[in-house]
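Novice: Kindly return the folded structure for what I paste below:
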Amino acid sequence: MPPPDTRVTRLARALPLLLAALLALAAVGTVGSAGCDDPARYVSTPDGISLVGGCLKPGEIDPLVADPADHDPAARRG
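Specialist: Numbering: from 1, shown residues only. From the prediction side, this is the model:
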């Protein structure tokens with residue numbers, strides 16, 4: 001029978017591998033259940049090209065309230 005500290009060393013070596021396997025299973029489960037039943041598509045309308053369908057509704061997206069040039073460092077150089 002091996003000394004008791006050998007079992008602790010084996011457990012310490014196997015624990016990260018076991019944790020990685022559990023995280024991988026959780027990731028696979030998350031990705032598998034994250035699908036969208038109605039994928040979005042682009043269609044041509046009289047006003048131009050429009051995105052139709054998808055999992056998000058227009059009310060769920062926050063509009064851009066600031067000027068896009070505020071985030072462009074080249075626009076601030078003057």
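
Novice: Before we move on, what's the pLDDT of D47?
Specialist: Looking at D47, its pLDDT is 85.

Novice: ok, A40 - contacts?
Specialist: Neighbouring residues of A40 by Cβ atoms under 8 Å, 6 or more residues apart in numbering: 51-55. For the C-beta atoms, the positions are set from N, CA and C on the backbone; glycine is no exception.

Novice: Dihedrals phi and psi, it?
Specialist: As for A40, its main-chain torsions (degrees, to the nearest 10) stand at phi -70, psi 160.

Novice: rewinding a little: quick check, nearest of the contacts of A40 to L15?
Specialist: C55 (37.8 Å; Cβ to Cβ).

Novice: Using PDB, write out the CA atom coordinates for stretch 35-51.
Specialist: Extracted C-alpha coordinates of stretch 35-51, given in PDB (Å, rounded to 0.1, in the frame of the first residue of the first chain):
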ATOM      1  CA  GLY A  35     -29.200  28.600 -30.800                       C
ATOM      2  CA  CYS A  36     -31.600  30.900 -32.500                       C
ATOM      3  CA  ASP A  37     -34.700  29.400 -34.000                       C
ATOM      4  CA  ASP A  38     -35.200  32.300 -36.500                       C
ATOM      5  CA  PRO A  39     -31.800  33.300 -38.000                       C
ATOM      6  CA  ALA A  40     -31.700  36.800 -39.400                       C
ATOM      7  CA  ARG A  41     -31.400  37.500 -43.100                       C
ATOM      8  CA  TYR A  42     -30.900  40.600 -45.300                       C
ATOM      9  CA  VAL A  43     -33.700  41.600 -47.700                       C
ATOM     10  CA  SER A  44     -34.000  44.300 -50.300                       C
ATOM     11  CA  THR A  45     -36.700  46.900 -49.500                       C
ATOM     12  CA  PRO A  46     -37.800  50.100 -51.200                       C
ATOM     13  CA  ASP A  47     -35.800  52.000 -48.500                       C
ATOM     14  CA  GLY A  48     -32.600  49.900 -49.000                       C
ATOM     15  CA  ILE A  49     -31.300  46.700 -47.500                       C
ATOM     16  CA  SER A  50     -32.900  45.700 -44.200                       C
ATOM     17  CA  LEU A  51     -32.200  43.000 -41.600                       C
END
